[in-house]
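*Asks:* have a look at this prediction, sequence included:
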Amino acid sequence: MNFIEKFFSKYSQEKIIKWFKQVCVAEAITCFLLYGVAMIWKRYDEEGLLSTIFIIIIGNIHGLFFTLYLLLCLPVRKIFKWDDEDFVFALMSAFFPFATIWVDKKLARFDRE
């Protein structure tokens, strides 16, 4: 974990927070595109090659944002001074659709008590 802290130490806290908020929203949008559009499209067009290609592309993009979210949780934990419970909750929210937006709105705030 030390190499992740070293990597993010060269960036300002504002920049890391901005990235985290953008990744939270992007992860939720790609989750919607994957589950709400691509999977339904695939069920109605079983033989269509276009729907399969769309699932592959959106799935890879969603996987990228999912991984970025998990990686950015580490420096954001120190910035917002999350305790272990908040940190585990933020990590677990990546596995539930649209929960990263809740983390962005409720958990990632400076004025939280």
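*Replies:* Good, I have the coordinates. Remember, predicted model here, so these are calculated numbers, not experimental data. Numbers count the residues shown, from 1 in each chain.
*Asks:* pretty sure E27 is touching T100, no?
*Replies:* Yes - E27 sits in contact with T100 when judged by CB atoms under 8 Å, with a separation of 4.9 Å. Heads up, the C-betas are built off the backbone N, CA and C, glycines and all.
*Asks:* any shared contact partners between those two?
*Replies:* 69, 94 (CB atoms under 8 Å, 6 or more residues apart in numbering).
*Asks:* show me the shaky parts of the protein.
*Replies:* Regions of the chain meeting the criterion pLDDT under 70 cover residues 1, 110-113.
*Asks:* okay, helices next: where are they in it?
*Replies:* Ranges of helices within the chain are 2-9, 13-32, 39-44, 49-80, 84-92, 99-102, based on DSSP state H.
*Asks:* among the ones you listed, which is the most enclosed?
*Replies:* Per-residue neighbour counts averaged over each of the helices of the chain give the maximum for helix 99-102, namely a mean of 20 (mean count of other CB atoms under 10 Å).
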